[in-house]
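# Below is the sequence, then the predicted model.
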Amino acid sequence: MLSSMALPSGRRLAALMVFLATLGVSAFSVTSRRQLAHLGGLTDEWHPLGANLAVYGVLGMEREPWILRPPGYPAFEALILKAAGPPSEASLPYRTRVRPLVYAAHSIVLAATATLAFVWLSGWLRPWLALPAGLLLGVNPLSLAWVGLLHYTVLHVLGLVASMWALQTALREPDRAGRMILTGSLLGLVTLVRPVTLLLPAFALVALLVRLRGALRPALRAALLLSLGMAAAILPWTARNYSVSGRFVPVNLQAGVVFWAATEKPFSWDPDHYLWFEVGDELLRIHTRVTGMKGYDIVTFVHHLPELEAEHWREAVANLGKKPSVYARNVARALWAFAAQTSTALPRAFIRLQREASPESVLQQWLVRGARDELGSPGFGLALRLLFSTLTLLAAAGLVLGALARDVDLLGPVTLGACVGVAHAITHLDLLHHYLRVPFVVVLAFYALDRLCGAAGGRGEVAAHVLGLAFAAASAALTVWLLL
């Protein structure tokens with residue numbers, strides 16, 4: 001495994017270039033353009049939770065602890081806010097005032113992510129392909145939209161890139177116990193940002209069986225060590241959840257409602273609209289039946305969360321018995337969305353926000369399915385989708401080429417991608433989850449270019465180099481379009 005300290009001087013310079021380019025473009029955006037922020041309320045309570053944690057030291061509302069959300073992103077925000085000076089309140093004016101600090105931190109995290117991707121890929125693929133890959137990951141309209149979102153997206157993408165690298169390294173030599181435990185610990189921390197990797201040990205066991213050609217005992221041993229590493233990171237938070245609720249909640253209590261949603265009704269295949277509204281009436285019906293409240297509010301929801309979760313699980317089981325095809329269709333939709341669809345909604349909403357003096361709350365209306373196309377910028381959306389569709393096709397080719405070559409180095413990224421994709425398929429994948437596919441698509445697409453280089457010789461290398469630069473240039477051009 002390469003480290004930045006071990007990079008030759010040329011790669012260090014390239015890594016610095018990736019970092020500065022990503023940071024510079026992000027900084028320009030957050031200092032000169034209106035940001036998506038709460039997206040009209042669609043980003044949930046992440047920013048208030050971070051401020052509350054900074055002020056009261058409690059993940060929840062004032063001194064009341066919650067078990068609704070994972071702690072990773074609020075803890076990140078709390079560190080930023082406390083480093084800027086001890087906050088004395090978690091009020092709306094305070095949270096509004098410190099938004100630029102959060103955006104600045106997001107910009108640094110995105111730059112670190114792009115640089116980490118370059119450093120990793122330059123030690124695995126041809127360095128002149130790793131450079132445009134890192135630049136593309138850091139400088140594209142999707143990433144720029146994430147930077148100004150009060151949401152876990154940017155932090156989780158950093159965790160995914162680091163986890164792909166760590167898993168790849170661990171699976172090369174699965175008999176190295178320390179490395180496997182450390183990899184598990186990293187994945188445990190990433191799981192505390194989003195629990196979609198809780199199932200990773202099962203996927204890692206399959207990968208280990210492939211890597212060890214079916215040798216069950218060493219595969220089980222390595223998977224157990226990985227699990228122990230994850231448990232070491234997660235169990236302290238599990239113990240906290242038990243102490244405040246009396247319940248075994250590994251990370252957060254929310255799986256029931258999202259699983260129920262996937263069984264309730266067929267969702268749209270459109271990746272550019274927020275789908276949760278489509279079960280709004282049904283969600284309110286259950287909320288009212290359990291709580292007695294005719295309207296929804298987050299405090300009531302949190303106070304009745306265990307009962308609501310239990311009721312959603314009961315409803316989900318009943319739905320599976322009455323209409324299993326609905327769930328099967330939604331699983332297929334989510335898998336297809338994760339594998340092949342690019343959502344252009346966030347950058348298009350960003351563009352419209354610059355053109356109109358709209359209040360932040362109106363952003364929600366632009367993303368509701370069934371309304372006329374409020375987002376606008378169809379040409380931009382088409383160009384962005386074309387870029388990532390091409391990259392997706394290349395990524396698919398990379399999977400095929402890697403499988404044919406039985407390339408062990410591909411096991412790490414594929415294992416993590418399969419885990420994340422399946423976790424969302426069996427529950428729910430919505431507009432704000434489409435970011436997940438981007439790092440996997442970029443890595444696999446440039447892996448395909450690298451493989452094609454090796455197969456085609458000198459002319460292939462020239463063609464791959466040109467293609468890699470063309471992808472980065474197209475991404476940069478679309479970023480300029482976004483910011484104009």
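Perfect, thanks for sending it. Keep in mind it's a predicted model, so treat the numbers as computed, not measured.
# where does Ser358 land in three-state SS?
Assigned with DSSP: H, G, I helix; E, B strand; the rest coil, Ser358 falls in the coil class.
# measure it to Gln365 for me?
9 Å (Cβ to Cβ, to the nearest Å). From N, CA and C alone the C-beta is placed, and that goes for glycine too.
# more neighbours, those two?
Ser358 (14 against 11; other Cβ atoms under 10 Å).
# Excluding residues flanking it in the chain, which one is nearest Asp44?
In space, and not counting its chain neighbours, Asp44 is closest to Arg69: 7.5 Å by Cβ to Cβ, 6 or more residues apart in numbering.
# measure the one you found to Trp276 for me?
Separation of Arg69 from Trp276 (Cβ to Cβ) stands at 16 Å.
# got it, and Glu282?
11 Å.
# tell me, what's touching those two both at once?
Taking Cβ atoms under 8 Å, 6 or more residues apart in numbering as the contact rule, Glu282 and Trp276 touch no residue in common.
# What is the neighbour count of Glu64?
By the measure other Cβ under 10 Å, the count of residues near Glu64 is 14.
# same check, this time on Ala239
A total of 11 residues lie near Ala239 under the criterion other Cβ under 10 Å.
# which residues does Thr191 contact?
Shown in contact with Thr191 (Cβ under 8 Å, 6+ apart): Pro70, Thr197, Leu198, Leu200, Met230, Ala233, Ile234, Val251.
# in what helix or strand does it lie?
Taking DSSP states H and E as the definition, Thr191 sits inside helix 177-193.
# buried stuff in stretch 178-189?
Applying a neighbour-count criterion of 16 or more other Cβ atoms under 10 Å, one finds Arg179, Met180, Ile181, Leu182, Thr183, Gly184, Ser185, Leu186, Leu187, Gly188, Leu189 buried in stretch 178-189.
# tell me the mean pLDDT for that stretch?
For stretch 178-189, mean pLDDT is 98.
# What is the neighbour count of Leu320?
Neighbours around Leu320, by other Cβ under 10 Å: 15.
# Quickly note the distance from it to Trp276.
Look at Leu320 and Trp276: by Cβ to Cβ, they are 20 Å apart.
# Against Pro65, how distant is the nearest residue to Phe76 once chain neighbours are set aside?
Nearest residue to Phe76, sequence neighbours excluded (Cβ to Cβ, 6+ apart): Leu155, at 5.5 Å. Distance of Leu155 to Pro65, computed by Cβ to Cβ: 21 Å.
# who has more neighbours, those two?
Leu155 (23 against 15).
# a helix runs through the more buried one, doesn't it?
Yes: assignment of Leu155 by three-state DSSP places it within a helix.
# For the helix or strand harbouring Val302, give the mean pLDDT please.
When elements are assigned from DSSP H and E, Val302 belongs to helix 298-303. Average pLDDT, helix 298-303: 93.
# what comes up buried for the helix or strand just after that helix?
Counting by DSSP H and E, the next helix or strand C-terminal to helix 298-303 is helix 305-322. Neighbour-count burial for helix 305-322, counted by 16+ other Cβ under 10 Å, picks out Leu305, Leu308, Glu309, Glu311, His312, Glu315, Ala316, Asn319.
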